[in-house]
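Novice: Test case, fold it:
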Amino acid sequence: MPSAAARIFILLLLAYFLSYFFRAANAVISPDLRQDLGLSSAQLGLMTSLFYLTFALVQLPLGSLLDRFGPRFVHPGLMLLGAVGALLFASAQDFLTLSLGRALLGIGFAAALMGALKAFSLWFPASRYASVSSLYVAIGASGAIAASSPLAWLKEQIGWRGVFEWGALVIVAVAALVALGVRNAPKGTVLPPSTQAGSAAQIWQSGLFWRMGWLNFVLGGGFLAWQTLWGGDFLFKVRQMGSLEVGSLLFAFSLAAVLGFLLCGPLADRFGLPRVLLVAGVCFTLGPALLALWPGMPPFGLYACYVLMGFCGAFNILTLSQARLLFPTALTGRAVTAINFMGFIGVFLLQWGMGIVLGVWGYPVALLVWAVLLASAVAVYAPIGLGHQAAGAN
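Specialist: Okay, here's the model as predicted:
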């Protein structure tokens, strides 16, 4: 990896690490939020999901901004709004302020992955794009590891409010590093001219896009909804575990996810991206189904389910690589942000919806509903994974 490309990779990686940390933090601090602010399950789900709603909504204009201006200033500019959100979250005394802070955090990190993918499309050859992207996500996903057992320990030392106060300062520092140290393209290379706005219709009119999008909605969205809230809340409420025990299981989930991110690129190169993604979707579906049918399984079974879901859920990142390969470079930003939009709208709706369902019927029903949605997404994607629909076909 050339030194300039390596520098850009590392600087953008710092921002992505923070994105994962802040999106996952509520899984560990949810009991504190319930106690300090008296949140219900529905309120907790809605507030946490606002990160993903604003994150998803920003994806729509973000693709065009990245195609036109590149990530160098677009990304850190948004991060400053995230710093404001962290401060609001830390000082919140009511549900509305907490929700506003969480929403601003979502806006702040909206370009953490998409900005990097746009930069990588210009700094790395297409043949290395999937492997570089999967490495970036794998290392960045360690932010979720930091938001498990380490966060459980840290909040015992300085409180959850202190975590977000200091976190705001870290966000500002990393935003400055990105603005100062990242170039949009190699020297002598200019950003490819953005095509007319109407050309983005070829993305949204693609039948293959919707097959990938529905899978990312339920698999990618559900993976993050579980990792960043309900996976911890399930352990607190159903299994009556303490913070450190919950942190340990979330640590195992996140560590498995990092391994999944690392291996999904090479496996896709070896066996074919659609086939690998299909198998991962089938295996991931077993997790919520088993937890719904056997919530009292022994600890070993719990760890096995969390590891399975973490590892296989990470493969959802392949939908972004698939989108990158289907559309021209000038549309890269819009193609990957469109798929990302589907995933993060999925997190918002699944995280909020699960809170409503479990508040009425409990976790077994909520998990079974999720498992059925996963099965439908796998079935919709199956013609691609089995090779019955050619890549790029509408």
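
Novice: Could you check how far the most centrally placed residue in the chain is from Asn316?
Specialist: Among the residues of the chain, the one closest to the centroid is Leu224, at 5.6 Å (CA atoms, centre = their mean). According to CB to CB, to the nearest Å, Leu224 and Asn316 sit 9 Å apart. (Each C-beta comes from the backbone N, C-alpha and C, glycine too.)

Novice: Likewise for Asn216?
Specialist: Taken as CB to CB, the span from Asn216 to Asn316 is 6 Å.

Novice: so what's in contact with those two at the same time?
Specialist: Gly343 (CB atoms under 8 Å, 6 or more residues apart in numbering).

Novice: shared neighbours, Leu224 and Asn316?
Specialist: The contact lists of Leu224 and Asn316 share Gly343, where a contact means CB under 8 Å, 6+ apart.

Novice: Any idea how far apart the tips of stretch 100-119 sit?
Specialist: Stretch 100-119 stretches 30 Å from its first residue to its last (CA to CA, to the nearest Å).

Novice: Adjust the sequence numbering to begin at 486 for everything that follows.
Specialist: Got it, first residue is 486 now, which makes that one stretch 585-604.

Novice: Tell me who's in contact with the residue nearest to the centre of the chain.
Specialist: Per CB under 8 Å, 6+ apart, neighbours of Leu709: 508, 537, 828-829, 832.

Novice: Name the SS class of it, please.
Specialist: Three-state assignment for Leu709 (DSSP: H, G, I helix; E, B strand; the rest coil): helix.

Novice: can you check Leu524 too?
Specialist: coil.

Novice: Pretty sure it sits against Met532.
Specialist: Yes: if you go by CB atoms under 8 Å, Leu524 and Met532 touch, sitting 7.0 Å apart.

Novice: The two: which has the busier surroundings?
Specialist: Met532 (27 against 19; other CB atoms under 10 Å).

Novice: related to what we said a few turns ago, got any residues that touch both of Leu524 and Met532?
Specialist: Common neighbours of Leu524 and Met532 (CB under 8 Å, 6+ apart) are 518, 580.

Novice: rewinding a little: can you flag which of the contacts of Leu709 belong to helices?
Specialist: Using DSSP state H, 508, 537, 828-829, 832 are the members of these that sit in helices.

Novice: now for the residues you listed, which pair is the farthest apart?
Specialist: Arg508 and Gly828 (12.2 Å; CB to CB).

Novice: where along this structure do the strands fall?
Specialist: Assigned strands in the chain: none (criterion: DSSP state E).

Novice: just for it, where's the confidence low?
Specialist: Within the chain, the segments meeting pLDDT under 70 span 486-487, 611-612, 614-615, 673-685, 809-815, 817-818, 873-879.

Novice: could you point out the longest helix in it?
Specialist: The chain, longest helix under DSSP H: helix 634-666.

Novice: for stretch 786-797, which positions count as buried?
Specialist: For stretch 786-797, burial by neighbour count (16 or more other CB atoms under 10 Å) applies to 787-788, 790-797.

Novice: Next, give phi and psi for Phe594.
Specialist: Phi and psi for Phe594, reported as degrees, to the nearest 10, are phi -110, psi 20.

Novice: what residues are up against it?
Specialist: Counting by CB under 8 Å, 6+ apart, Phe594 has contacts 500, 503-504, 507-508, 540, 563-564, 567.

Novice: Let's see that with 7 Å instead.
Specialist: With CB atoms under 7 Å, 6 or more residues apart in numbering as the criterion, the residues that contact Phe594 are 503-504, 507, 540, 567.

Novice: now those as JSON lines including distance to Lys640 and neighbour count?
Specialist: As requested, the contacts of Phe594 are exported to JSON lines (distance: CB to CB, whole Å; neighbours: other CB atoms under 10 Å):
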{"residue": "Leu503", "distance to Lys640": "17", "neighbour count": "26"}
{"residue": "Ser504", "distance to Lys640": "19", "neighbour count": "27"}
{"residue": "Phe507", "distance to Lys640": "14", "neighbour count": "28"}
{"residue": "Phe540", "distance to Lys640": "23", "neighbour count": "30"}
{"residue": "Gly567", "distance to Lys640": "20", "neighbour count": "30"}
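
Novice: which two of those lie the greatest distance from each other?
Specialist: Largest separation among these by CB to CB: Leu503 and Phe540, giving 13.4 Å.

Novice: Can you name the residues that contact the residue nearest to Phe649 when sequence neighbours are not counted?
Specialist: Distances taken as CB to CB, 6 or more residues apart in numbering place Ala575 nearest to Phe649, at 3.7 Å, with adjacent residues excluded. Neighbouring residues of Ala575 by CB under 7 Å, 6+ apart: 646, 649-650.

Novice: Ok, Phe829 next?
Specialist: Per CB under 7 Å, 6+ apart, neighbours of Phe829: 537, 540-541, 544, 706.
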